[in-house]
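Trainee: Next one to model:
(3 chains)
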Amino acid sequence: MSVSKEDVKHIAKLSKLNLTQEELEKYTNELSSIVDFANELSNINVEGIKPTAHILDIKNVFRKDEVQPSYDREEILKNAPSKDAGCVSVPKVVE
Amino acid sequence: MSLYDLTLSEVAGKIRNKEVTIKEVLDDIYSRIEDVEPKVDAYITLTKDLAYKRAEELQEKLNNGEDIGVLGGVPIAIKDNICTNGVKTTCASKMLENFTPIYDATVVKKLEEAGAIIVGKTNMDEFAMGSSTETSYFKKTKNPWNLNRVPGGSSGGSAAAVSSDMAFAALGSDTGGSIRQPASYCSVVGLKPTYGLISRFGLIAFASSLDQIGPFTKTVEDAAVMLNVISGHDKLDTTSADIEKVDYTKSLVNDVKGKVIGIPTDFITEGISEDVKQAYDNAIDTLKEAGAKIEEIKLEYAKYSLATYYIIATAEASSNLGRYDGIRYGYRAKDFNDLDELYVKSRTEGFGDEVKRRIMLGTYVLSSGYYDAYYKRAQQVRTLIVENFKKAFEKCDVIMIPTAPNTSFKFGAHNASPLEMYLEDIYTVPVNIAGLPGISVPGGFGKNGMPIGIQFIAKAFDEQNLLQVAYTFEKNTSYIDKKPAIEEGK
Amino acid sequence: MKEYEVIIGLEVHAELSTKTKIYCNCTTSFGADPNTHCCPICTGMPGTLPVLNEKVVEYAVKAGLATNCEISRFSKQDRKNYFYPDLPKAYQISQYDLPLCIGGHIDINVDGNKKSIGITRIHIEEDAGKLIHDAYTGDTLVDMNRCAVPLIEIVSEPDIRSAEEAVAYMQTLKSILEYLEVCDCKMQEGSLRCDVNLSVRPVGQKEFGTRTETKNLNSFKAIHNCIEFEIQRQIEVLENGGKIYQETRRFDDAKGIGYAMRTKEDAQDYRYFPEPDLAPIVLSDEYIENIKNSLPEMPHIKKERYIKEFGLPEYDAEILTSSKYTAAFFEKTNDICNNPKAVANWIMGDFARMLNESEIEINESKVKEDNLACLITLIDKGTISSKIAKQIFEEMFKTGENAKDIVEKKGLVQISDEGAIKAIVEKVVEANPQSVADYKAGKDKAIGFMVGQVMKETKGKANPQIVNKLLLEIINK
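Mentor: Here you go, the predicted model:
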């Protein structure tokens, strides 16, 4: 297995996903087979090859610093599952 | 007289010439939807009330002698990952089941400015992740050519809607083949424009460096008309190309004499079905007869596109889908004891299997210690693939390959192995990796009666050559004349 | 107990004073109702895309040039992925391996000792929203007005060795950013704040100790106290045979104690990758040169000029130029009354004391430049005595009223009429024969007493020089 159960547990945690034991097994197998497949890239010599982050040759795409009206608060919060006092509300954040 | 089986250009002409009213067209489309939709399930949301209201406004304008735009009064469907102000946009996910955008995507604005009427939002694979539209949380869209088979994906709803005459055109999005492959499976024209030609503002992101919006149409001509409307620079999208506007309908010329068509013989090898191979060979003959020059080319790195794609696309997706956390919008779990549980439960309950699989894969390839081995390497291979195409285009104007190695498959056929399903994208993915324009045009039928698509690929921003070759191919074949039975089959 | 050396590095976050946010056109102005300065872009709604504000690049480059950094000709933005309710997209757009500015330094001055503090890098990024604790429901409320306000993060080298150096570094940075007008530096509003990375090691030990990071300090006092606290804490732990853990901490300035945050660091893996929605920033020599030429006169240059042009002592010049606002106040006042030393004395003396007491900045005071200049002119012309001037200034500071008006209203014009003063002097001499005798016996102090008596009689309005002169004349007659 190229991806271990521990790996899957770790990435599930990073992704804020919870897996049942069964799912853990399933995803470990599936991710392993996909990662194995992706490992074919390790056969390619990429020394000195520049990574492509942007397919277009773009640079310096800027916006002018000009204020435009913001949205109404009702609109901004329209889709919020829980709100209070003009804010989105969440369970107490503990630091 | 039925109007729904006209092409977009035809119906727009009839409306403009006042041969029909917009309401008549709309009535016809909605009655067609009433007949067919129960069998096909192409739509998630129908926007009937809004559509009729708009039809009235447009008709009044038209009657007053005003210009209502090239798409004036034409009913069009929108994939449900493109934001529509005030109309639910779900990405076919439980996560966004009740999400109503507060703004319009740039393409939606452009369509409406051109007079189009939105009839509904189409079904898709959840967050555009899939090749069959089976991963939709809401419903399974059926292939109009055989209701036991998938329409392809991820824009399966859009493809099926146009194929079964429930819209004159539809917008889809294409990250690894999500327009071209369903177009191929449903025998319609599906265009994935050059990355940067169409604004992505308002397209709910799957993989930002690969996503591109494009049209499904009944003909290549209609694709050119749609492209004229939706293309163009957008200040709201940094990656939108600031280039001069082109009239793509000028490329609708039935002539390929002197054009060089590239055939990547080293790429079209394994996994291709006999039917598709046969259709492909026929396509080569068609273009040859029409006067094109056929040139063998090499795309030695194209076979690595799929691995490259699954690394880059999932990495970007894992980040793009972080925002669905149950806080500002979208699904929030009912029971939770603290913030972390709110996050975990909302995401675990709100996302389907395939989405989770890709989020986790993307998280894995970006995680500490793996970045260089996967993400960075994939971006380097991406450079090699781009170079590969550049070199190929030194020898040809347009590359032709099949759109998919097989015809549409039965529901559940690939449930056991996600990887197998991924392999269906082998011919479409390289185009996204290289940011090129690609179009799938009806190219025949398999022995099972299912459609086969032929794909043309051009240089970046050379949609003109692409459309001209596709148009010539279409004019020299008759596959688009055949209509689906909308019945169950084998 | 062993001797310990303290190693400190600061990560300073400065909100840039652009009109709009970093990736959308919402205003950055402070203090509005929650979630009223928001749009789909800065609240991370599905489908939205960022477009970089050109001023953000310009301001960051200014900060880089003013802190002697190398400006990157090619830089890019990256995504830093983590979940937190104040981060709508679940990633912060920041810069990872190719920041805008690298490798600078600034000079600080602690008790007359100069020291250079290295600057590792300056990068641009977006700020997060604000979390408000709702005491009534116990929930946390999210205000997204601050989401995507542009920030620069200025990362220092671990060159700082004490709380005093840290505060001096922060003060110097603040002064530079104010001069550049790229940040309003209102620390109480959080527009300038810092994280303290701190470790200790026994003197002579080569390797660094394990460091802790205390987040979000937004006053000089808090920085100072936090560092003192953390030094003591770490030394105590080590002296007791304990171990320092690499952790993120908070400092409660009111209680004067620091504590470790509960969020576990083990899961922290930010999965940085290049932001696909934004283009690289490629700066030409010409662009950088233009910005260089547009930089205002920086404090150390201004200081030299004050010494040369105004003949001020180095000490005065240093203090006057330490803040942009003080320097501007000084120059504007002096332009009107043309008495640099007097202006400097006022600004550094009573005025500074009162500002300090009322905890405001010079530019927030009711005393304006023309009014101070007027006061100084009144003294210079002999219209009022310096003693009276102090009274008048107190009034000016309280009410903002014009110096001349106060003088007229209260009848505080100095008496310089020798005849009038002479009569009073004679009266005082007559009434105090003992003092006259003492003076004649060589007790010089006695004269001071008599001057005081004259002033008392005239309610401080008599010209002291004339009083002195006349007193001596009369006694010595």
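Trainee: Sheet partners, orientation included, of the lengthiest strand in chain C?
Mentor: For chain C, the longest strand by residue count, based on DSSP state E, is strand C:113-126. With DSSP bridges as the test, strand C:113-126 is paired with strand C:101-110 (antiparallel), strand C:150-156 (antiparallel).
Trainee: wait, which of those is closest to B:Ala333?
Mentor: Closest approach to B:Ala333 among these is made by strand C:150-156 (32.6 Å; CB to CB). All C-beta atoms are positioned from the backbone trio N, CA, C, and that covers glycine.
Trainee: So which elements touch the next helix or strand after the closest one?
Mentor: Later in the chain than strand C:150-156, the nearest helix or strand by DSSP states H and E is helix C:163-180. On a contact count with 3 or more CB pairs under 8 Å, 6 or more residues apart in numbering or on different chains; DSSP states H and E, helix C:163-180 meets strand C:4-15, helix C:54-66, strand C:101-110, strand C:113-126, strand C:192-202, helix C:220-239, helix C:299-310, helix C:324-337.
Trainee: what comes up buried for the fourth one?
Mentor: Read it as strand C:113-126. Residues of strand C:113-126 classed as buried by neighbour count (16 or more other CB atoms under 10 Å in any protein chain shown): C:Lys115, C:Ile117, C:Gly118, C:Ile119, C:Thr120, C:Arg121, C:Ile122, C:His123, C:Ile124, C:Glu125, C:Glu126.
Trainee: Now do it: distance to the chain's middle.
Mentor: From the chain centre to the centre of strand C:113-126 is a distance of 17 Å (CA atoms, centre = their mean, to the nearest Å).
Trainee: just to revisit the earlier point, can I get the helices and strands packed on helix C:163-180 in CSV including mean pLDDT?
Mentor: Output for the helices and strands packed on helix C:163-180, formatted as CSV (pLDDT from 0 to 100):
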stretch, mean pLDDT
strand C:4-15, 97
helix C:54-66, 98
strand C:101-110, 95
strand C:113-126, 97
strand C:192-202, 96
helix C:220-239, 96
helix C:299-310, 92
helix C:324-337, 94
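Trainee: Now find how far off-centre stretch C:465-477 is within its chain.
Mentor: Taking CA atoms, centre = their mean, one finds stretch C:465-477 lying 49 Å from the centre of the chain it belongs to.
Trainee: oh, I was asking about stretch B:187-200
Mentor: 7 Å.
Trainee: how many neighbours does residue 17 have?
Mentor: With no chain named, the answer covers chain A. The local packing of A:Leu17 (other CB atoms under 10 Å in any protein chain shown) involves 22 other residues.
Trainee: ah, I was thinking of chain B
Mentor: B:Asn17: 8 neighbours (other CB under 10 Å).
Trainee: ok, now how distant is the closest residue to C:Lys174 other than its chain neighbours from C:Leu192?
Mentor: Of all residues not flanking C:Lys174 in the chain, C:Cys185 sits nearest, at 4.9 Å (CB to CB, 6 or more residues apart in numbering or on different chains). Distance, C:Cys185 to C:Leu192, by CB to CB, to the nearest Å: 4 Å.
Trainee: list residues touching both of the two?
Mentor: Between them, C:Cys185 and C:Leu192 share these contacting residues under CB atoms under 8 Å, 6 or more residues apart in numbering or on different chains: C:Ala14, C:Lys174, C:Leu177.
Trainee: Most neighbours of all those residues, which one?
Mentor: Going by other CB under 10 Å, C:Leu177 tops the shared contacts of C:Cys185 and C:Leu192 with 27 neighbours.
Trainee: For the residue nearest to it when sequence neighbours are not counted, give me its contacts.
Mentor: Leaving aside its chain neighbours, C:Leu177 sits nearest to C:Cys183 (4.3 Å; criterion: CB to CB, 6+ apart). Taking CB under 8 Å, 6+ apart, we find C:Cys183 in contact with C:Ala14, C:Glu15, C:Leu16, C:Ser17, C:Tyr59, C:Ile152, C:Leu177, C:Ser191, C:Leu192.
Trainee: Touching, B:Pro418 and B:Val355? I think so.
Mentor: No - using CB atoms under 8 Å, B:Pro418 makes no contact with B:Val355, being 11.8 Å away.
Trainee: need the contact list for C:Tyr270.
Mentor: C:Lys80, C:Asn81, C:Tyr82.
Trainee: Could you verify that it is part of a strand?
Mentor: No - read with DSSP: H, G, I helix; E, B strand; the rest coil, C:Tyr270 is coil and lies in no strand.
Trainee: What pLDDT is listed against it?
Mentor: C:Tyr270 carries a pLDDT value of 96.
Trainee: again, but for the one 3 residues further on
Mentor: C:Phe273 is assigned a pLDDT of 97 by the prediction.
Trainee: Could you list the low-confidence segments of chain C?
Mentor: C:262-267 (pLDDT under 70).
Trainee: Stretch A:57-66 and chain B in contact?
Mentor: Yes - using CB under 8 Å from any CB of the partner chain, stretch A:57-66 reaches chain B at A:Ile58, A:Val61, A:Arg63.
Trainee: looking at chain B, which residue lies furthest from center?
Mentor: B:Asn337 (41.4 Å; CA atoms, centre = their mean).
Trainee: Which residues lie in contact with the nearest residue to B:Gly69 once chain neighbours are set aside in this structure?
Mentor: Excluding the flanking residues, the one nearest B:Gly69 by CB to CB, 6+ apart is B:Gly115, at 3.1 Å. Taking CB under 8 Å, 6+ apart as the criterion, B:Gly115 is in contact with B:Leu58, B:Ile68, B:Gly69, B:Val70, B:Leu71, B:Gly72, B:Gly73, B:Val74.
Trainee: The fifth one is in contact with B:Val229, isn't it?
Mentor: Yes - with contact taken as CB under 8 Å, B:Leu71 and B:Val229 are classed as touching, separated by 6.1 Å.
Trainee: Of the contacts of C:Tyr270, which ones also sit close to chain B?
Mentor: Counting by CB under 8 Å from any CB, the members of the contacts of C:Tyr270 near chain B are C:Asn81.
Trainee: In the stretch 301-450 of chain C, which residue sits nearest chain A?
Mentor: C:Lys324 (21.3 Å; CB to the nearest CB).
Trainee: related to what we said a few turns ago, B:Pro418 and B:Val355: who's more crowded?
Mentor: Between B:Pro418 and B:Val355, counted using other CB under 10 Å, the more crowded position is B:Val355 (27 against 19).
Trainee: I'd say the more buried one and B:Gly130 touch.
Mentor: No - look at B:Val355 against B:Gly130 with CB under 8 Å: they stay out of range, at 9.1 Å.
Trainee: how about the longest strand of chain C as PDB, C-alpha atoms only?
Mentor: Taking C-alpha atoms only, strand C:113-126 is exported to PDB below (Å, rounded to 0.1, in the frame of the first residue of the first chain):
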ATOM      1  CA  ASN C 113      23.300  52.500  21.700                       C
ATOM      2  CA  LYS C 114      22.700  51.900  18.000                       C
ATOM      3  CA  LYS C 115      22.000  48.500  16.600                       C
ATOM      4  CA  SER C 116      21.000  47.100  13.300                       C
ATOM      5  CA  ILE C 117      18.100  44.600  13.200                       C
ATOM      6  CA  GLY C 118      17.900  42.300  10.100                       C
ATOM      7  CA  ILE C 119      14.600  42.000   8.200                       C
ATOM      8  CA  THR C 120      14.200  38.500   6.600                       C
ATOM      9  CA  ARG C 121      11.300  39.400   4.400                       C
ATOM     10  CA  ILE C 122       8.200  41.400   3.800                       C
ATOM     11  CA  HIS C 123       5.200  39.800   2.100                       C
ATOM     12  CA  ILE C 124       1.700  40.800   1.300                       C
ATOM     13  CA  GLU C 125      -1.400  38.900   2.500                       C
ATOM     14  CA  GLU C 126      -5.000  39.300   3.500                       C
END
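Trainee: Now render the strands paired with strand C:113-126 as JSON lines, adding mean neighbour count.
Mentor: Listed next are the strands paired with strand C:113-126 as JSON lines, based on neighbours: other CB atoms under 10 Å in any protein chain shown:
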{"stretch": "strand C:101-110", "mean neighbour count": "18"}
{"stretch": "strand C:150-156", "mean neighbour count": "25"}
